[in-house]
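>>> Sequence and predicted structure below; questions after.
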Amino acid sequence: MSVKSGGKKQARYIFTQLVQPISQEKSGEVRQIATRKIATFADIGKENWQLVIKFADERLVVTNKEKDVVSVELIHEVLITAWSRLKNWIEQDWEFRRWQEKLRDNLSQWEQEKKADFLLQGGLLKEAESWLEKGEQKIPEKERGYVEKSRKRRERERQKVIGGLTGGLVMVSLFAVGMVWQWQSAERQSLINEVDSLSNLALNQFQSGEGGISALMTAMDAGQKLKKLVKDDENFGNYPTTQPLLALQTITSNIREKNEFQSENLGVTEGFRQAFFTPDSKHIVSSSITAGGGYSRVIIWNLKGEKVTEWEIPGREAINNLAISPNGKYIATTAGREGKFYIWDFSGKKIAESSEWVNGYFIVKFTPDSQYIAVTSTLKAEVDFFDLSGKKIKEFKIDGGGTIYSLEFTPNGEEIIIGNAVGVVQLWNLKTSEKIREFKANTNQVLEINISPDGKRLLTLGVDINSATKTAGLGARLWDLSGKKIVDFGFFPRIDTYSYGDFTFSPDGQQIGALLPNQRVVNFYNTLSGKLIAQSAIGAGYNNELIYSPDSKIIALPGIDGIKLLSNKTKSDFIELPANYGYKGSHQVELPGFTDVNYSADGQKIVVIDKHYYYVDIWDWQQKEKIRINYGYFTENEAWSSYFTSGNFFEKALFASMTPDSKFIILVTKEGIKKLDLEANLISQLKTNVNSDESLLQTKFFGKKHINGVVLTDVNYSSNFDGSKIATIGITRSPENTIRLWDLYTQKVKQFKHNSLSRIISQVLVSPNGEYILTNSSARGKLWDASGNLLNSLDINAKKSTLKGEEVSILPILLDVKKQKVAFREHGVKILVVWQNSTADKAGLRSGDIILEIDGKKVDDFEEIGDFNLLLKGEPGTPIKIKLQNRNHKIEEKTILREKVILDVSNLFLFPGNRAKFSPDSKYLATWDTGSKNLSFRNIKTKKLVEINHQAGILGVHFSPDSQLLATMGMDYSIKFWDFSGNLINQIKFQQIPFSMTFSPDSQQIAVLGDSNELSIWSINGKQIAKYTVPEEQGNIVFSPDGKYIATGQSKVFIWQNKNLNELLATGCDWLQEYLTTRPQEKEKLKVCQEEVK
């Protein structure tokens, strides 16, 4: 039956009132169960009852009257599962109906008790007001009245509180002020809860495919409500919730649904069967059909969803198939059981019809030149060709053992492609009527054939039988015209015989769109490779048709209730720089690049340092233009000529780095330091004399065949904030490390030498202010001033008043806690520290020397290294005989006197750990061992130590730019935030170990690279703001100086926009512009879009 003038909305309300929504939780999963429900006259409403009577006449419902109470219910439970339109309505209105049933329970209690306590309060009242405000659903007057009474009660309570402020004693007034404050706080919390609920609802709607537009509208509502709670310049750390930002970012980044439209003139049981774009992409031609296959119409729409024209098929027959001529002048339809076909112009005027009744014309298609029409059916093994007058001019017989289920023409119109009932695809020459070739595509019927725009590839969709389960399903495949299979898209179970999905080429030939049966998803594949490139969730009721506009910009999905329009414009959350920094390894395997990525101080440039190919790219990232600095490259012969057995080698161009202030490039050459600006101009340079057996900078080399695989870890080079003071670790042939301090301001170079300096240095670190230098060896750090003076020295002459600890008599050295192999079956123990000005110091003992024997007793004579260390103790002035291997690998024997020292433990272990980092203000130093659970955090001047038990292996440590927080990345899949007293402030748990992170310049956010394809943004109080899918694995991550962008990079560099609330709302308004143009009531709800959307 046909219901007009708004009848569809009435019908939707009536039928959903006859269904009880029940949510059941089982084994942690929530199931939605819909059952029949008896609705009263009051539930349905007087204005809807005439339509109920009509539905009763149609035997869809049954009415009843008992004790003067009139009611109605569905005639049978089967309607809930068998009627697809009702299923769709139930799904769309599920949350509303659940709320409405709860409201009616509360209303019933209030009607029985008539007490104010049974009126709605707090969150329940807010939720009711929200549904009333949306206005999407009809709510009976009785229920509206109950909500209004609840509102009035709340207003009376407010007036009581306010009234208390105007009189009474001061104490009473203060109490009333407190009551108002509590009320305001409760109101604010209620709004926060509402914002959170709306945001979560929006995300659920979007992820379930319920509707992109409706999800975005819900998220926009949440966003504009959040604006009431925060100021425009509010720090993210002060936001009461960030859920609206996450919902808006997720939806606006991934939404495809651009518009949707339905006809209020379609009947209640009438739905869309087919839809096609006109060749100019400006209109959609659709065919409708009623339940049971009766009454049917052709309807033409514009893209705003407005109906342009419509007409019925003679005899009110059902349309079987519809086609549009490529020249955009004609529409052909087949209709009725006999398959009679008609030709129409776009005004609905009948141009011609078939001259005879034939057996089942269920397939109709124009030839590419628009001059002829091919018609056939699944009952036939021939194709009939008609001219535009309706005259049959040719009968094309097909052999192959099956009737025809699908047909297509090649783009040049010279061949016809047939898919038959036994799974065979045939190509026929139309001129000669000769079969060119055939191949088996499916086990059973080939339901659909689609040819690529260039005529070189075929898509087939057909019925297959699963050999293991013997069940029928659908198989989709990509072929070349010779019948060679290129891609098998898989086997898709078929739930019913009416849902078979759709696979089709986009007209521009760039992609394949796939509507998978009963999976509520559209997949997009690359045309050449068949690789899945994108996916979009859709709601129920869109199972069989996916149509591209001729310009490939829009996709139409006809369904039960209307036509959904998806944007096919490639949405990108990022800007990609046009460069690939990856390289090919052995066996030509593509490997990720070795790159550093940083923003310039003004944010206008991105600097990429490629450590594999030895160049620096300075990008104007908005224009995608670059300046390239080739700072060094070496041939295989040059590399191997300097390769030593130690595994280190010296290349002719060593290293490049950006200064921490992001203003300059530092190049380390074979002879010195060069400082360049970001226009590649030389600002200053400093050279020194380097011995022939020495490299100025130690590098590490990976793999003999990767000649250019030179990777310098960040431990061998360091600079202060502006790059004026630099420390480098070099290496000699010995091998032994050399440290140089470079002062570009004074133009002086100093080789760092000290008896306490170990022979092998694992890290050097310059503080941001340039006043301190940390060296690390054997997981023990030593702190120096810029002149090379040791600040945490162990000196025999130090004033006892400045030291804390026990006085003991020993040989004044500190030994390692582990043995070290020095010769065949012989071990020793390394000297970590020698007290300055001590007998050991004067005897020439140095850090890095290895003790082999003490008083004739070898290290291997002791199971515990601590027992060997006890040999150092003895009376003051007593001699101790030492056998050692010095740093030059020479064996020496020395006799040295013991003396008294104070074991100041705080000085002995001031900076433990093999990794270290200064705070941005240079006041603090954090040290740790990678993978260990202990983090030491010390005030440099006061030496106050804070020790943190991380309870999981530490992977990285980061200071906030304002030097107020410390963030740690852990092996427990967490990022933890600590204050400088060692208190855990917050933590964020991830699904996988975080790979890298960075703070925003204002210290209010962090950006995290989690698994290989996820970038997430969080506030420092642990609230997620955004989540992006990264196209490929990334290693570097950095905020722009203004915090508005984030760059990630490895083989490729991507720039992501970090949008604030206003920017996200503006993005949403822009996307909704066309949708809101024809929906003034929806637009009115979004005040935030009133100015943006014209």
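Yep, that arrived.

>>> in the stretch 551-700 of the chain, what spans have low per-residue confidence?
For the stretch 551-700 of the chain, the stretches with pLDDT under 70 are 561, 570-571, 586-587, 633-653, 699-700.

>>> again, 90 this time
557-565, 568-574, 581-595, 610-615, 629-655, 668-671, 689-700 (pLDDT under 90).

>>> so which strand or helix has residue 8?
Using DSSP states H and E, residue 8 sits in helix 7-17.

>>> tell me which residues of that helix are tucked away?
Neighbour counts using 16 or more other CB atoms under 10 Å place 7-8, 10-17 of helix 7-17 among the buried residues. Just so you know, the C-beta spots here come from the backbone N, C-alpha and C atoms, and that holds for glycine as well.

>>> Ok, stretch 302-319 next?
By 16+ other CB under 10 Å, the buried positions in stretch 302-319 come out as 303, 305, 310, 313, 317-319.

>>> export the buried residues of helix 7-17 to TSV and tack on pLDDT and distance to residue 148?
Listed next are those as TSV, based on pLDDT from 0 to 100; distance: CB to CB, whole Å:
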residue	pLDDT	distance to residue 148
7	70	29
8	73	29
10	84	24
11	85	28
12	85	25
13	87	21
14	89	24
15	89	27
16	87	24
17	89	21
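
>>> mind listing what the closest residue to residue 547 other than its chain neighbours touches?
Counting by CB to CB, 6 or more residues apart in numbering, residue 547 lies nearest to residue 556, which is 4.6 Å off, once chain neighbours are set aside. Counting by CB atoms under 8 Å, 6 or more residues apart in numbering, residue 556 touches 275, 277, 284, 545-547, 549, 563-566.

>>> could you dump those residues to JSON lines with neighbour count, secondary structure and distance to residue 747?
What follows is the contacts of residue 556, written out as JSON lines (neighbours: other CB atoms under 10 Å; DSSP: H, G, I helix; E, B strand; the rest coil; distance: CB to CB, whole Å):
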{"residue": "275", "neighbour count": "23", "secondary structure": "strand", "distance to residue 747": "76"}
{"residue": "277", "neighbour count": "22", "secondary structure": "strand", "distance to residue 747": "72"}
{"residue": "284", "neighbour count": "25", "secondary structure": "strand", "distance to residue 747": "75"}
{"residue": "545", "neighbour count": "20", "secondary structure": "coil", "distance to residue 747": "75"}
{"residue": "546", "neighbour count": "21", "secondary structure": "coil", "distance to residue 747": "70"}
{"residue": "547", "neighbour count": "20", "secondary structure": "strand", "distance to residue 747": "72"}
{"residue": "549", "neighbour count": "22", "secondary structure": "coil", "distance to residue 747": "67"}
{"residue": "563", "neighbour count": "24", "secondary structure": "strand", "distance to residue 747": "74"}
{"residue": "564", "neighbour count": "25", "secondary structure": "strand", "distance to residue 747": "70"}
{"residue": "565", "neighbour count": "23", "secondary structure": "strand", "distance to residue 747": "68"}
{"residue": "566", "neighbour count": "22", "secondary structure": "strand", "distance to residue 747": "64"}
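
>>> Contacts for stretch 783-802 next, please.
725, 741, 743, 750, 752-754, 756, 770-775, 782, 812, 814, 833, 835-838, 841, 899, 901-902, 904, 907-908, 910-911, 925, 940.

>>> Mind checking which of the residues you listed are in strands?
Those of the contacts of stretch 783-802 mapping onto strands are 725, 741, 743, 750, 752, 772-775, 782, 814, 833, 899, 901-902, 911, 925, per DSSP state E.

>>> Please, a ChimeraX command that selects the buried ones among the residues you listed?
The following ChimeraX line selects those of these that are buried, judged by 16+ other CB under 10 Å:
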select :725,741,743,752,772,773,774,775,782,814,833,899,901,902,911,925
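
>>> what mean pLDDT does stretch 733-743 have?
Mean pLDDT, computed over stretch 733-743, is 83.

>>> swap that for stretch 241-256, sorry
92.

>>> Using CSV, list the CA coordinates for it.
Coordinates of each C-alpha in stretch 241-256 appear next as CSV, following Å, rounded to 0.1, in the frame of the first residue of the first chain:
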residue,chain,number,x,y,z
THR,A,241,36.4,15.9,28.8
THR,A,242,38.0,15.5,25.4
GLN,A,243,35.6,12.8,24.1
PRO,A,244,33.9,15.3,21.7
LEU,A,245,37.3,16.1,20.1
LEU,A,246,38.0,12.4,19.7
ALA,A,247,34.5,11.8,18.2
LEU,A,248,34.7,14.8,15.9
GLN,A,249,38.3,13.9,14.7
THR,A,250,37.5,10.3,14.2
ILE,A,251,34.3,11.0,12.2
THR,A,252,35.5,13.9,10.1
SER,A,253,38.7,12.0,9.2
ASN,A,254,36.9,8.9,8.1
ILE,A,255,33.3,9.9,7.0
ARG,A,256,32.2,9.2,3.5
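
>>> Check which residues of that stretch are buried.
Buried residues in stretch 241-256, defined by neighbour count with 16+ other CB under 10 Å: 241-256.

>>> is it true that residue 870 lies in a helix?
Yes: according to DSSP: H, G, I helix; E, B strand; the rest coil, residue 870 belongs to a helix.

>>> So for it, what's the pLDDT?
90.

>>> now it: how far from residue 864?
Using CB to CB, to the nearest Å, residue 870 is found at 10 Å from residue 864.

>>> what about those two, which has more around it?
Shown here are residue 870 and residue 864; by other CB atoms under 10 Å, residue 870 has more neighbours (12 against 8).

>>> how close does that one get to residue 883?
Residue 870 sits 17 Å away from residue 883, going by CB to CB.

>>> ok, back up a step: same list, the buried residues of helix 7-17, but as JSON lines with distance to residue 798 please.
Shown next, in JSON lines, are the buried residues of helix 7-17 (distance: CB to CB, whole Å):
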{"residue": "7", "distance to residue 798": "96"}
{"residue": "8", "distance to residue 798": "92"}
{"residue": "10", "distance to residue 798": "93"}
{"residue": "11", "distance to residue 798": "93"}
{"residue": "12", "distance to residue 798": "88"}
{"residue": "13", "distance to residue 798": "89"}
{"residue": "14", "distance to residue 798": "93"}
{"residue": "15", "distance to residue 798": "90"}
{"residue": "16", "distance to residue 798": "86"}
{"residue": "17", "distance to residue 798": "89"}
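
>>> Looking at the residues you listed, which one is closest to residue 192?
Checking the buried residues of helix 7-17 against residue 192 with CB to CB, the nearest one is residue 16 at 30.9 Å.

>>> Now for the residue nearest to the closest one when sequence neighbours are not counted: which residues touch it?
Using CB to CB, 6+ apart and skipping residues adjacent in sequence, the residue nearest residue 16 is residue 93, 4.7 Å away. Residues in contact with residue 93 (CB under 8 Å, 6+ apart) are 12, 16, 137.

>>> Pull the contacting residues for the first one.
Listed by CB under 8 Å, 6+ apart, the contact partners of residue 12 are 89, 93.

>>> Any figure for the gap between it and residue 19?
Distance of residue 12 to residue 19, given as CB to CB: 11 Å.

>>> Please enumerate residues in contact with the strand or helix carrying residue 462?
Assigning secondary structure by DSSP H and E places residue 462 in strand 457-465. Outside strand 457-465, the residues within contact range by CB under 8 Å, 6+ apart are 405, 417, 419, 423, 425, 441-452, 471-481, 486, 491, 494, 500-505, 512, 527.
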